[in-house]
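Asks: Could you look at this predicted model? Sequence included:
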Amino acid sequence: MTERSSTPSTRPLSGRDLRTLILAALGGALEFYDFIIFVFFATVIGHLFFPADMPEWLQQLQTLGIFAAGYLARPLGGLVMAHFGDRFGRKRMFTFSVFLMAIPTLLLGLTPTYATLGYAAPILLLLFRILQGAAIGGEAPGAWVFVAEHVPARRVGLACGMLTGGLTGGIMLGSLMATAINTAFAPEAVAAWAWRIPFLVGGLFGLGAMYLRRFLHETPVFEEMRQRAALSRELPIKAVLQGHGQAVLVSMLVTWMLTAAIVVVILITPSLFQRLYHFSAAETLQANLAATFALTVCAVLVGALLDRFGAVRVMLPGGLALIATSLALYTLAPARPELLLPLYALAGAAVGIIGVVPYVMVRAFPPAIRFTGLSFSYNMAYAVFGGITPLLVQALVAWDRAGPAWYVAAVALVGMATVAWHSRTAPRVAAVPVPAE
């Protein structure tokens, strides 16, 4: 595949395109909110869903294990939904993923605790978390494919950037909701009932997003393939593994960069700074909100730049910015606490370079197996690298307190090299969108 589409569409972005992008981004934000809100209330959930006489460290270990089960379920859920998405339509799976997320989230908010159900309570918690993981495994890949196949070729970057901004915006919504609940209610009220509010709100909004997605149209690319009887005649995953090894490898490597940036810079850094440098929870939460907001905005800006300059010319300076800002955050903020917020915001803005990732992936696979190829590569890489990153970060901190930033820097170099290599060596595939309507 070359940096330019082989059959670019030159029509302008239509009102229907914009509605599709907005609804897709909104649904993605709500679905990621549903997936991430669990971690903000892990301590409360651990106390409520396990025996009171169980050691606190064991309660939290089992609670975080249930949280991690959602990540382990991602590859299987994503692969199943991608299979049906390549065979029967993007829209059906795009809508189903929201439904599959909304129902267990709603049920999480209604589930009785250990005091009422005994060990059935944590078992239900685990089941609902697995369903959430299966849903999120299909959401991001399906959403990227869906929006990329709806817009003109010269707007694929913007489409992927808006959707990525929506997904990261969901993390910000979760953080804001957790802050609001813990500010508005006393700890006793949170433990008694208020912890349920974020799950109930997320489930209801998810059902609303599912209803809105009913008004979206199937992608023009899939409709054209269906009319030409060009859908995959074999198992899509078989075709991906047998004939698209380079696309899979490239997609997994750039996803590694995405996981390093998100997991280290956005998710782990606040707790590390509290533990290593004794920043208060309020300080790190405020700075993290600034970083996540900057990430959400810059993911969209990166998408627009991709349409103008291409992946290589955006990735190289963006990767260098990610390296520089991550190292600055970990080396300067501990010595100058007053710089924590601006440095964290700059690092969050640089994380916006992850907008390159879906842009590269949707262009790496032909339409007939695009959903499966992207979903398999993304979810497998996220399960592997997302799983080992927290453990690796803990080991690096013991070696050097700036070790997490050096890890992000190393993986950013891998991402830069991968994008540059892929632009030179990848075979040409069919264009992402169909010609102008």
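Replies: Looks like it arrived, so ask away.
Asks: Please make it C-alpha for all contacts and neighbour counts, starting now.
Replies: Fine.
Asks: so where's this protein uncertain?
Replies: 1-14, 87-89, 218-235, 426-437 (pLDDT under 70).
Asks: Report all helices and strands that whatever helix or strand Ala345 lives in contacts.
Replies: Using DSSP states H and E, Ala345 sits within helix 340-351. Judged by 3 or more Cα pairs under 8 Å, 6 or more residues apart in numbering; DSSP states H and E, helix 340-351 is in contact with helix 281-309, helix 311-332.
Asks: mind putting those helices in CSV, distance to Trp256 and mean neighbour count included?
Replies: Below are the helices and strands packed on helix 340-351 laid out as CSV (distance: least, Cα to Cα, whole Å; neighbours: other Cα atoms under 10 Å):
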stretch, distance to Trp256, mean neighbour count
helix 281-309, 17, 22
helix 311-332, 13, 21
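Asks: Burial check on Pro187, number of neighbours?
Replies: By other Cα atoms under 10 Å, 14 other residues sit near Pro187.
Asks: go on, the one 5 residues further on?
Replies: The tally of other residues near Ala192 (other Cα under 10 Å) stands at 12.
Asks: Run a quick neighbour tally on Glu56.
Replies: Using other Cα under 10 Å as the criterion, the residues surrounding Glu56 number 15.
Asks: typo on my end, Ala140
Replies: Neighbour number of Ala140 under other Cα under 10 Å is 25.
Asks: Excluding covalently adjacent residues, which one is nearest to it?
Replies: Gly28 (7.3 Å; Cα to Cα, 6 or more residues apart in numbering).
Asks: thought that neighbour was touching Leu163?
Replies: Yes: counting by Cα atoms under 8 Å, Gly28 touches Leu163, with 7.1 Å between them.
Asks: can you list residues touching both of those two?
Replies: Ala143 (Cα atoms under 8 Å, 6 or more residues apart in numbering).
Asks: quick one, what contacts Phe215?
Replies: So Phe215 contacts nothing (Cα under 8 Å, 6+ apart).
Asks: In which helix or strand does His150 reside?
Replies: Going by DSSP H and E, His150 is not in any helix or strand.
Asks: and the gap between the residue nearest to Ala140 and Arg16?
Replies: Between Gly28 and Arg16 the computed distance is 18 Å (Cα to Cα, to the nearest Å).
Asks: The two: who's more crowded?
Replies: Neighbour totals were compared for Gly28 and Arg16, and Gly28 leads with 29 against 13 (other Cα under 10 Å).
Asks: can you pull the contacts of that one?
Replies: 139-140, 143, 163, 166-167, 170.
Asks: Regarding it, which helix or strand does it belong to?
Replies: Counting by DSSP H and E, Gly28 is found in helix 15-40.
Asks: Done for today, thanks.
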